[in-house]
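S.K.: Below: sequence and its predicted model.
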Amino acid sequence: MALVLTEEQSMLRDSARGLISDKAPVSHLRGLRDSKDPTGFSKELWHSFAEMGFAGLLVPEEFGGSGLGFVEAGVVMEEIGRTLMPSPFLATSVVAASALNRGGNAAQKSEYLPKISSGSLLATLAIDEGAKHRPLQTSLQAVRAGNGFRLSGAKALVVDGHVADLLIVAARTAGSAGEREGLTLFLVNPKARGVAIERTIMVDAHNAARIELANVEVNADSVLGEVDQGIGLLDGVLDIGRSAVASEMVGLSEEVFNRTVEYLKSRKQFGKLIGEFQALQHRAAELYVDIEITRAAVMKALQVLDADVAKAASAVAVAKARAGTTATRAVQEGVQMHGGMGMTDQFDIGFFMKRARVCEELFGDANYHTEQLARARGY
Amino acid sequence: MSDKTNDAETADLEEFRKQTRAWLEANCPPEMRKPATSDADVFWGGRNAKFSSEPQRIWFERMRDKGWTVPDWPKEYGGGGLSAAEHKVLRAEMARMGARPPLSSFGIWMLGPALLKYGNEVQKQEHLPNIAAGLIRWCQGYSEPNAGSDLASLQTRAESDGDDFVITGSKIWTSYANYADWIFCLVRTDSAAKKHDGISFILFDMTSKGVTTKPILLISGYSPFCETFFDGVRVPKSHVVGTVNRGWDVAKYLLQHERAMISGMGERGVGRPLGQIAADSVGTDALGRLDDAMLRGRIASFDVDEAALAACAERAVDLAKAGQAHPAFSSAMKYYGTELNKRRYEILMSAGGVDALEWESERSKQGARPRAWLRTKANSIEGGTTEVMLGIVAKRILDLPGA
């Protein structure tokens, strides 16, 4: 398959870009931040997303979705990255929808997927526990109790955790931290007794929460996939989420870069446009090449995921690692080349830097994914 | 594009893949499925060509007979007539089995594409089939002692004399000029014009009277480059490719192909992972990890970048096919590919430690690794330096102001 967007994918990009740039430029995020909006996103916009078929983009048509693939999800994420729009799209439509679609039984799918497609249900995956993304270190305990399980433990960086209607919680039903065996995914009602949710106001003014589960009781029907064998499902879902975040970072990087190049063409010092200085020209050129290479790596990962999720681990590791280092470089160069203006809150560049930092941690940073590639290659 | 055409195309391509794989399996000798380790493993063709082994000859001849020394050239010029999609499949299948290129040649990589675009029918008929069949080996007369990065300031003169040009001057860094049969050469045909406007692109036989070559000994101990001298070399005017004094257009077009070639010089995706090669000399810890955490990290970062660049190279081809490629993008790839190849060899030298320092011994295959390491240092100089490439990206792609 060619590593370029098809005509249909380009049209999808254009319609997503049209909506997002019109309704949610960076000032949209700024407004939500400054007004201390309790949800941190626009329900009205989410409604538009659902109407355009984006909320159920990955959901099969039989459940009211658009039945599209990961490349298409990446196209939308990239546009989100350009304006930093806070949206349930990542947590609900990409990660949770994939978890339910890939791991759910018939009853679970028909209960949740149509609601995701219509935009009426927000869902999220609760995975991280420590400061860094280490899925195998999951130690939130699920012990058998009666007909079901009792869950106890804490989760961090649960995207949209404060507004989600459904939590997908990774728990340990057997084995100990670090082991691949013994992980199980559970569908948990955030309103269940024993669930405590604290919204965490983050550096990027996007939405996340810390969640504590204290003896939360769930029945046997709440298991998503197989007991003790959740790692296969989890690996796939995480790779899907990683590639989506990588797409967001490509959009973010390119937007910062475009703004920076425009600045180089308009800012004068020493009687010259600063873009005439070779020191800046070469740095801009290097960054351009970095972004192009990363874009190709991310597109590759999305295509490989569409072909076979189970075989995409290395391509995704490359994509997320590259996206992380490239975005970090892009935002740093963006601030530096904007000089003092780049340090002001009034200027948008800082928002990109903050979001890039969060995206870098989300589902594993560049170090994590570089390490995964080394292990996969046997050294 | 309807789904139906898509499906039909995909099915045809899958059939082509199956047949190609079967043919390669049946026809590529096992010896030709290992990475080339020395210059003798590379077949360059030419009047004085010798095969270094029987499998090398068999592989070359079989591929030549299919037109697959130049798979995407038209059949009438000795090519395979493959579409871009089929060519991609063939490359992927060859990479999959580690098959070596059957023929390496500046005729294939550089002159051929320029002739296909700018050559007249007589020139195409005369030269392309000979390139495809490996009968004529070409060299490139571009750089001069005082025209390196500033190539357009070249001074080699071609003076009009009836139906001929008479060429006088000298070239430098002419790759394998001492083995080449013909040269494609930039000469100044109008010294009064602005520097880009008085250049012509001309072809001539290296056995012509007045041509001499002198190999240059490099830091690697090899002499892949020559100084080349022209003392009143008489060349028919019909050997000019394109229009007289418009040779810079041809030169630039050819440079794009040269840059694409150089950016691909790293042995991407071929052979064992770098981390495992390093483990041979560095050793592993109890968990089987390379027993040098810092080196392991450098290798892993390298692997990430290399895999990403491979995706980008693939995308560049697809973009070109879709008519969406920026003509200067080969400069971007050239810059990154060559810097990455230098990184690869710095890692290999570090991993090899003391063993990688031996210069003359059986054990070290006559210092293959350190010599290759030194050779890579030219990658970011030849065909346009990294700094020139970045300047091209800044000006032509980013449209930054100045010069």
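M.R.: Nice, I can see it.
S.K.: wait, residue A:103 sits on residue A:225?
M.R.: Yes - counting by CB atoms under 8 Å, residue A:225 is a contact partner of residue A:103 at 3.8 Å. Every residue, glycine included, has its C-beta placed from N, CA and C.
S.K.: how far away is the residue lying farthest from the centre of chain B from chain A?
M.R.: The outermost residue of chain B relative to its centre, with distances by CA atoms, centre = their mean, is residue B:286 at 42.4 Å. Computed as CB to the nearest CB, to the nearest Å, the residue B:286 to chain A distance reads 14 Å.
S.K.: Double-check that that residue belongs to a helix.
M.R.: No - under DSSP: H, G, I helix; E, B strand; the rest coil, residue B:286 sits outside any helix and is assigned coil.
S.K.: shared neighbours, residue A:103 and residue A:225?
M.R.: Common neighbours of residue A:103 and residue A:225 (criterion: CB atoms under 8 Å, 6 or more residues apart in numbering or on different chains): A:185, A:233.
S.K.: Would you mind measuring from residue B:355 to residue B:281?
M.R.: 6 Å (CB to CB, to the nearest Å).
S.K.: got it, and residue B:16?
M.R.: 42 Å.
S.K.: same check, this time on residue A:318
M.R.: Computed as CB to CB, the residue A:318 to residue B:281 distance reads 26 Å.
S.K.: Which one's more surrounded, the two?
M.R.: Neighbour count, other CB atoms under 10 Å in any protein chain shown: between residue A:318 and residue B:281, residue A:318 has more, with 28 against 14.
S.K.: ok, and the closest non-adjacent residue to that one?
M.R.: residue B:307 (4.4 Å; CB to CB, 6 or more residues apart in numbering or on different chains).
S.K.: I'd guessed that neighbour sits against residue A:296; true?
M.R.: No - taking CB under 8 Å as the definition, residue B:307 is not a contact partner of residue A:296, at 10.1 Å.
S.K.: For the stretch 201-350 of chain A, which segments count as strands?
M.R.: For the stretch 201-350 of chain A, the strands defined by DSSP state E, counting those that start in this stretch occupy A:207-218, A:223-224, A:268-269, A:272-273.
S.K.: can I get these in CSV with mean neighbour count and mean pLDDT?
M.R.: Formatted as CSV, the strands of the stretch 201-350 of chain A follow (neighbours: other CB atoms under 10 Å in any protein chain shown; pLDDT from 0 to 100):
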stretch, mean neighbour count, mean pLDDT
strand A:207-218, 20, 98
strand A:223-224, 23, 98
strand A:268-269, 10, 96
strand A:272-273, 15, 96
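S.K.: got these as TSV, with distance to chain B columns?
M.R.: Formatted as TSV, the strands of the stretch 201-350 of chain A follow (distance: least, CB to the nearest CB, whole Å):
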stretch	distance to chain B
strand A:207-218	27
strand A:223-224	32
strand A:268-269	10
strand A:272-273	5
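S.K.: Any chance of CSV for these, columns distance to residue A:194?
M.R.: Shown next, in CSV, are these (distance: least, CB to CB, whole Å):
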stretch, distance to residue A:194
strand A:207-218, 4
strand A:223-224, 18
strand A:268-269, 60
strand A:272-273, 61
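S.K.: Out of the ones you listed, flag the one nearest residue A:77.
M.R.: Across the strands of the stretch 201-350 of chain A, residue A:77 has its closest neighbour in strand A:207-218 (15.6 Å, CB to CB).
S.K.: So which elements touch that closest one?
M.R.: Applying 3 or more CB pairs under 8 Å, 6 or more residues apart in numbering or on different chains; DSSP states H and E, we find strand A:207-218 packed against strand A:148-159, strand A:183-188, strand A:195-201.
S.K.: which residues sit against that strand?
M.R.: With CB under 8 Å, 6+ apart, strand A:207-218 has contacts from A:39-41, A:86, A:126, A:140, A:145, A:148-163, A:167, A:169, A:186-188, A:190, A:192-200, A:202.
S.K.: can you check stretch A:39-53 too?
M.R.: A:15-16, A:19, A:23-24, A:28, A:32, A:55-56, A:65-66, A:85-89, A:93, A:117-120, A:160, A:162-163, A:199, A:205-207.
S.K.: Now for the nearest residue to residue B:334 once chain neighbours are set aside: which residues touch it?
M.R.: Ranked by CB to CB, 6+ apart and with sequence neighbours excluded, the top spatial neighbour of residue B:334 is residue B:259, at 3.6 Å. Counting by CB under 8 Å, 6+ apart, residue B:259 touches B:330, B:331, B:333, B:334, B:383, B:384, B:389.
S.K.: Residue B:252 versus residue B:259, what's the distance?
M.R.: According to CB to CB, residue B:259 and residue B:252 sit 11 Å apart.
S.K.: Where do the helices of the chain begin and end?
M.R.: With no chain named, the answer covers chain A. A:7-23, A:26-34, A:43-51, A:70-83, A:97-103, A:106-118, A:230-264, A:278-307, A:313-337, A:349-361, A:366-376 (DSSP state H).
S.K.: Switch to chain B, please.
M.R.: Counting by DSSP H, the helices of chain B are B:3-27, B:54-66, B:84-97, B:106, B:112-118, B:121-132, B:247-263, B:274-282, B:293-321, B:329-352, B:368-376, B:386-392.
S.K.: pLDDT (mean, whole number) over the shortest one?
M.R.: Model confidence over helix B:106 averages 94 on the pLDDT scale.
S.K.: now swap in stretch A:94-110 and tell me
M.R.: Here the average pLDDT along stretch A:94-110 is 98.
S.K.: Measure how far that stretch is from the centre of its chain, please.
M.R.: How far stretch A:94-110 lies from its chain's middle: 18 Å, per CA atoms, centre = their mean, to the nearest Å.
S.K.: which stretches of the chain have low pLDDT?
M.R.: As the question left the chain open, I've gone with chain A. For chain A, no stretch is flagged by pLDDT under 70.
S.K.: I was after chain B.
M.R.: B:1-6, B:263-271, B:403.
S.K.: Looks like residue B:232 contacts residue B:167 (just checking).
M.R.: Yes - the pair residue B:232 / residue B:167 is scored as a contact, 7.5 Å apart, by CB under 8 Å.
S.K.: So for these two, which sits in the more crowded spot?
M.R.: For residue B:232 versus residue B:167, neighbours defined as other CB under 10 Å are more numerous around residue B:167 (25 against 12).
S.K.: Tally up the residues packed near whichever residue of the stretch 101-250 of chain A sits closest to chain B, please.
M.R.: Closest contact between the stretch 101-250 of chain A and chain B, by CB to the nearest CB, is at residue A:246 (11.0 Å). When counting by other CB under 10 Å, one arrives at 34 neighbours for residue A:246.
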